[in-house]
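Engineer: Predicted coordinates and the sequence they were generated for:
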There are 2 protein chains.
Amino acid sequence: VRSDAERNRTRIVSAARDVFSEHGLDAPLTEVARRAGVGPATLYRRFPTRDALVAAAFEDPMAAYADAVDAALGDDDPWRGFCGYVVTVCGMQAADRGFTEVLIRTFPSATAFEAERERAYDGFVELVRRAQHHGGLRADFSPEDLVLLLMANAGVVAATGDAAPDAWRRLVGYMIQAFRTDTAEPLPPAPSPRAMYRAMVRLRTAGRADTG
Amino acid sequence: VRSDAERNRTRIVSAARDVFSEHGLDAPLTEVARRAGVGPATLYRRFPTRDALVAAAFEDPMAAYADAVDAALGDDDPWRGFCGYVVTVCGMQAADRGFTEVLIRTFPSATAFEAERERAYDGFVELVRRAQHHGGLRADFSPEDLVLLLMANAGVVAATGDAAPDAWRRLVGYMIQAFRTDTAEPLPPAPSPRAMYRAMVRLRTAGRADTG
């Protein structure tokens, strides 16, 4: 028999997942408490920061995101593995508005959650290396270009919604063609990892409606 | 000597431009009134709808947006004209957060404003036609792909902000290379004009914090 505390936790996490997915990661935490049927004090006691709540709500998709890199690295065609991963990750963004944002923000105090993101990033760097050496990925492709694409895709997903739910596939289709060596012409410089990290931290704190 | 009414109008429009550019098009109109130094009633009397205020605030950039197509059509190299226009328009989005959103929403009741958008669209259709016939633009490029790119670029501009202010150029660089015929492989279908229009109407009404 689960304790009341465990039941409360499960209800809060489930409510947070729904609310963040419907209204974005800046949704009021009072709405999460309301849907979970707990008082705000209970919610804040369990999850003293918004980061902790986001991490709990998106623990499973974040693990799936990192696991998807391992699957891609298992593909013996490096280009197919690379493209498959890019489409998979952008599809995860399209499927869940909360997760759309999780992939372009960072939640530094949620260390286990951020460790999964780092696992995904490290795997992606290896996927890029293989695809550049053996798969026709252009040499000037930077791992930060995936973050750039995720930000662009977030814009398309947010803007199109149910009105044009497959539009993101077209964007990704174009970008994948641009990533091929045989189309490579000089590009504007890639954003630096430091700049993109700053952007992801900035987003985390932008537009907060309440504390947490 | 200008009348009080004229002075009020000028101050409201200028305040609206600032507030929308800083906080987006859903910013509270009470903040616009406060900055303009007028009461909310005065603001609502002058601009009974948010559409009307947005249209007044972005009248000049919208005209510049439409004029940029004419300039591009005047280029005797159709590909250069096409690319220059795409970069110019995405740069307009990067330069002004309010205008970023203006280009991916629609404000149906602001008829003169929307007529300018239509002028830009009609010119762009002609620019596409010329670039497809004589400039190497892929045959399956759809005018809706510009809207798609503007939505993607809005995502990058919103996500990177001051942290990586030139990241949008990299996105646009990739997309332009993908638009060339000699790189063309089959793509997922373009979103229909109707779907993209629905998306732009939907955005207009999403997240309204107050009436107007």
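Structural biologist: Cool, the structure landed. Numbers count the residues shown, from 1 in each chain, chains lettered A, B, ... in the order given.

Engineer: What is the biggest helix by length in chain A packed up against?
Structural biologist: What stands out as the longest helix in chain A, according to DSSP state H, is helix A:111-134. Applying 3 or more C-beta pairs under 8 Å, 6 or more residues apart in numbering or on different chains; DSSP states H and E, we find helix A:111-134 packed against helix A:50-57, helix A:59-73, helix A:78-95. The C-beta positions use only the backbone N, C-alpha and C, and glycine is treated the same way.

Engineer: State which one residue of chain A is found closest to chain B.
Structural biologist: A:G155 (1.8 Å; C-beta to the nearest C-beta).

Engineer: Double-check that residue against B:G155; I have them as touching.
Structural biologist: Yes: assessed by C-beta atoms under 8 Å, A:G155 is found in contact with B:G155 at 1.8 Å.

Engineer: Could you report the neighbour count for A:P40?
Structural biologist: Using other C-beta atoms under 10 Å in any protein chain shown, A:P40 is surrounded by 13 other residues.

Engineer: OK, contacts around it?
Structural biologist: Counting by C-beta atoms under 8 Å, 6 or more residues apart in numbering or on different chains, A:P40 makes contact with A:L29, A:T30, A:A33.

Engineer: now the residue of chain A closest to chain B: how far from B:R194?
Structural biologist: Per C-beta to C-beta, to the nearest Å, A:G155 is found 20 Å from B:R194.

Engineer: and if you look at A:E22?
Structural biologist: A:E22 is 25 Å from B:R194, by C-beta to C-beta.

Engineer: if we can go back for a sec, from the contacts of A:P40, list just the buried residues.
Structural biologist: The neighbour count (16 or more other C-beta atoms under 10 Å in any protein chain shown) marks A:L29, A:A33 as buried among the contacts of A:P40.

Engineer: of all the contacts of A:P40, which comes closest to B:A184?
Structural biologist: A:L29 (48.1 Å; C-beta to C-beta).

Engineer: Next, work out how far apart the closest one and B:L73 are.
Structural biologist: According to C-beta to C-beta, A:L29 stands 52 Å off from B:L73.

Engineer: Could you do A:R119 as well?
Structural biologist: The spacing between A:R119 and B:L73, counted by C-beta to C-beta, is 50 Å.

Engineer: before we move on, what about A:D26?
Structural biologist: In terms of C-beta to C-beta, A:D26 sits 42 Å off from B:L73.

Engineer: Now do the helix or strand hosting A:R169: everything it contacts.
Structural biologist: Taking DSSP states H and E as the definition, one finds A:R169 inside helix A:167-178. Here helix A:167-178 makes contact (C-beta under 8 Å, 6+ apart) with A:83, A:86-87, A:90-91, A:93-94, A:149, A:152-153, A:156-157, A:160, A:183, B:145, B:148-149, B:151-152, B:174-175, B:177-179, B:183-185, B:187-191, B:195-196, B:199.

Engineer: Separate out the buried members of those.
Structural biologist: A:83, A:86-87, A:90, A:93-94, A:149, A:152-153, A:156-157, A:160, A:183, B:145, B:148-149, B:151-152, B:174-175, B:177-179, B:183-184, B:187, B:190-191, B:195-196, B:199.

Engineer: Now for the nearest residue to A:A159 once chain neighbours are set aside: which residues touch it?
Structural biologist: Counting by C-beta to C-beta, 6 or more residues apart in numbering or on different chains, A:A159 lies nearest to B:M151, which is 3.9 Å off, once chain neighbours are set aside. Going by C-beta under 8 Å, 6+ apart, B:M151 touches A:G155, A:V156, A:A158, A:A159, A:T160, A:A167, B:I104, B:A199.

Engineer: 7 Å instead, please
Structural biologist: Residues near B:M151 by C-beta atoms under 7 Å, 6 or more residues apart in numbering or on different chains: A:G155, A:V156, A:A159, A:T160, B:I104.

Engineer: can you check A:C83 too?
Structural biologist: A:I176.

Engineer: try the one 4 residues further on
Structural biologist: Under the criterion of C-beta under 7 Å, 6+ apart, the neighbours of A:V87 are A:V172.

Engineer: confidence score at it?
Structural biologist: At A:V87, the predicted lDDT confidence score is 97.

Engineer: Repeat that for the one 5 residues further on.
Structural biologist: In this model, A:M92 is scored at 96, pLDDT.

Engineer: swap in A:A206?
Structural biologist: What the model reports as pLDDT for A:A206 is 49.

Engineer: for A:D26, same thing?
Structural biologist: A:D26 carries a pLDDT value of 88.

Engineer: ok, how many other residues are close to A:A36?
Structural biologist: Neighbours of A:A36 (other C-beta under 10 Å): 22.

Engineer: ok, for it, nearest residue in space, not its chain neighbours?
Structural biologist: Leaving aside its chain neighbours, A:A36 sits nearest to A:A15 (3.9 Å; criterion: C-beta to C-beta, 6+ apart).

Engineer: tell me the contacts of the nearest residue to A:Q93 once chain neighbours are set aside?
Structural biologist: The shortest distance from A:Q93 to any non-neighbouring residue, by C-beta to C-beta, 6+ apart, is to A:T100 (4.3 Å). Counting by C-beta under 7 Å, 6+ apart, A:T100 makes contact with A:Q93, A:A154, A:V157.

Engineer: got the residues of chain A near chain B?
Structural biologist: For chain A, the residues found near chain B under the criterion C-beta under 7 Å from any C-beta of the partner chain are A:104, A:148, A:151-156, A:158-161, A:163-164, A:166-167, A:169-171, A:173-175, A:177-178, A:183, A:185, A:187-191, A:195-196, A:198-199, A:202-203.

Engineer: do that again at 6 Å, thanks
Structural biologist: Within chain A, the positions near chain B by C-beta under 6 Å from any C-beta of the partner chain are A:104, A:148, A:151-152, A:154-156, A:159-160, A:163-164, A:167, A:169-171, A:173-175, A:177-178, A:183, A:185, A:187-188, A:190-191, A:195-196, A:198-199, A:202-203.
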